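*Asks:* Predicted structure and sequence below. I'll ask about it afterward.
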Amino acid sequence: MENNSLDVSENIKNEISSSDVVLFMKGTPAFPMCGFSATVVQLLSDLGVKFSSVNVLESDEIREGIKQFSNWPTIPQLYIKEEFIGGCDIVKEMYESGELIELLNTKEIETNPT
Amino acid sequence: MPMTQKQIEMLIKDSIPESEVIIEDLRGDGDHFSATVISKTFIGKNKIEQHKMVYESLKGKMGKELHALMLKTKTE
């Protein structure tokens, strides 16, 4: 059991470090299965940010594991350069205030706002 | 069982003192709420910490009984 949860958090760490922007979501960017996940995909797409995504519906371990890992109870969850940014509400607020693009620029992540 | 607007408000107010809590039932279905929480206790904390305080006040119900809660936190 203990080994198992170690593996899960190891998996999550690997996912988070696999690319600059990682979104844990329900469904896929092309077919989001939840409105909140869809919103974050939309915002990232508007900014023209390349991101990778993890569909938590494919793995109960990841779905529960990421909540523990981030100490955050809901999906979606956005990571930028291995740092937890927040869920849908925070990302949306940061997008609207311009903080999100600023953060991406500071972290030298390519954007291409439409 | 889904939570009522009043229950959500009480839980938040219980653990975040001197807060103003505005709950809206977004679709009128008793399942999708928005909460605006205004409290001076948020001062000096970042958004993640502020939202975590609200989630903690809901005592593990977030993401379970409480499926959808749009959250906004403000200091005034």
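*Replies:* Alright, I've got the coordinates. Numbers count the residues shown, from 1 in each chain, chains lettered A, B, ... in the order given.
*Asks:* C-alpha from now on. contacts and neighbour counts both.
*Replies:* Will do.
*Asks:* now what about the longest helix along chain A, what contacts it?
*Replies:* The helix that spans the most residues within chain A, counting by DSSP state H, is helix A:2-18. For helix A:2-18, contacts defined as CA atoms under 8 Å, 6 or more residues apart in numbering or on different chains pick out A:22, A:54, A:61-62, A:65-66, A:69, A:79, A:81-82.
*Asks:* which of those residues sit farthest apart?
*Replies:* Within these, two members stand farthest from each other by CA to CA: A:E61 and A:K81, at 22.6 Å.
*Asks:* Would you mark the buried spots in the longest helix of chain A?
*Replies:* A:8-9, A:12, A:15-16 (16 or more other CA atoms under 10 Å in any protein chain shown).
*Asks:* Out of these, which is nearest to chain B?
*Replies:* Nearest to chain B among the buried residues of helix A:2-18 is A:I16, at 18.0 Å by CA to the nearest CA.
*Asks:* B:L66: what's it in contact with?
*Replies:* B:2-3, B:31.
*Asks:* Could you pull up phi and psi at it?
*Replies:* phi -100, psi 100 (degrees, to the nearest 10).
*Asks:* So what sits opposite it in the bridge?
*Replies:* Taking DSSP bridges as the rule, B:L66 bridges to B:M62.
*Asks:* Show me where the chain dips below the pLDDT cut-off.
*Replies:* All of this refers to chain A. In the predicted model, chain A carries pLDDT under 70 at residues A:1-3.
*Asks:* could you do chain B instead?
*Replies:* Ranges of chain B meeting pLDDT under 70: B:1.
*Asks:* what ranges do the helices span in it?
*Replies:* B:5-15, B:47-57.
*Asks:* Neighbours of residue 73, how many?
*Replies:* Just so you know, I chose chain A. 20 (other CA atoms under 10 Å in any protein chain shown).
*Asks:* Switch to chain B, please.
*Replies:* Using other CA under 10 Å, B:T73 has 20 neighbouring residues.
*Asks:* I appreciate the help and will end here.
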